[in-house]
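Q: fold the following.
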Amino acid sequence: MTVQMTRRDWSLITREALRRRIYQTAAVILLSYCYTGASQEFVRTVTVDALLGHDVVLPCHLEPPVDATTQTVEWARENLLPKIVHLRRNEMELLEEENPQYAGRTSLFTGKLKTGNLSLLLRNTELNDSGIYTCQALGLNPNQVSSVDLRISSVFVPVVRTLKVDMNMRKVILGCQTEGWSPEAKLSWLDDKGNVLATQMSFLAANGFHSINSNIIRDSGDVAKVTCRVSTRQGSQSRESSTFLPDVVLPSRVNDDVIISLLVIFVIVLAIGVAVFGTLWQKEKKRAALLTKAPPRNTAEDLETLKSRNP
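A: Here you go, the predicted structure:
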């Protein structure tokens, strides 16, 4: 038997289907709203800088403070499989759930869990520890999630050397070298007042670390102290070394004044000496001339004359 359906029947079926779809959608929205309201997340993000090979604390605190001693505390990291960095459940550390990369390097401050302190201690940091970490105490309502952006840096103190001294041109060439940096670094030459003289970016070496080798030429008239400073691109870490230009190329105005003064004194003394010598020489010359013109005396007659005058 063939059933004939009119246009009105099709219209009723369509309306009923549309009504069901609306009810389903509304139910899904209502359930989603209720679920979201029951597990609303408060996300806080902080940035932490640490040095390679050092220990670092990733901060995480419940607000307001809640006793998390019996709660499941989970530390995870984005873009990591498995993502678990540290897991505590039923007051036990589930080490088998952790990513092998962090084996034996993480721990909670269990004595501070009662005050809502979920901070994680990460020991002996590695470069590949850099990333975004999340912290939460599962089962709380609302659920609080903290996010930590950990940035690991490798830094070394630069070495400054005097490469060449040009006595004729009165110039000195200084070199600054450092390696083993991560991430990218920037080198700056500074004078004694902190003014930037020159800059240079690092290059990526074959070992995966950044290196810098920079030279600078200074005139002998420049200030004596020069500083080589190397800092990470974000500026969170920096190291520096200073040096003094060699004395042999440092002209000193004080020394020049002393030399000029000594020369003036020498010239004055020389002039006085010449004048005195000239005066004495002229006197001696006149005396010699007088002695030459005087007639010779008879010594015997002079003696007789003196005897007669003085019987």
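
Q: please name the bridge partners of R88.
A: The partner list for R88 in beta bridges (DSSP bridges) reads V73, E93.

Q: ok, L138 next?
A: T72.

Q: verify the stated contact: E126 with A50.
A: No - at 10.3 Å, E126 and A50 do not qualify as touching, with contact defined as C-beta atoms under 8 Å. Any C-beta I mention is one placed from the backbone N, CA and C, and that applies to glycine too.

Q: please identify every residue contacting each of the two.
A: I152 (C-beta atoms under 8 Å, 6 or more residues apart in numbering).

Q: looking at the two, which is more packed in?
A: A50 (20 against 13; other C-beta atoms under 10 Å).

Q: in a strand, that's where the more buried one is, yeah?
A: Yes - per DSSP: H, G, I helix; E, B strand; the rest coil, A50 lies within a strand segment.

Q: count of neighbours near the residue lying closest to it once chain neighbours are set aside?
A: Of all residues not flanking A50 in the chain, V56 sits nearest, at 3.8 Å (C-beta to C-beta, 6 or more residues apart in numbering). V56 has 18 neighbours, counted by other C-beta under 10 Å.

Q: and if you look at D129?
A: D129, neighbours per other C-beta under 10 Å, totals 20.

Q: what pLDDT is listed against the closest residue in space to it that isn't next to it in sequence?
A: Leaving aside its chain neighbours, D129 sits nearest to I152 (5.4 Å; criterion: C-beta to C-beta, 6+ apart). pLDDT for I152: 94.

Q: sorry, back to before: my guess is the residue nearest to A50 meets L120, correct?
A: No - when contacts are counted by C-beta under 8 Å, V56 is not listed as touching L120 (9.1 Å).

Q: name the helix or strand for L121, please.
A: Here L121, judged by DSSP states H and E, is contained in strand 120-122.

Q: so what does that strand touch, helix or strand wise?
A: The contact analysis (3 or more C-beta pairs under 8 Å, 6 or more residues apart in numbering; DSSP states H and E) places strand 120-122 against strand 56-58, strand 106-108.
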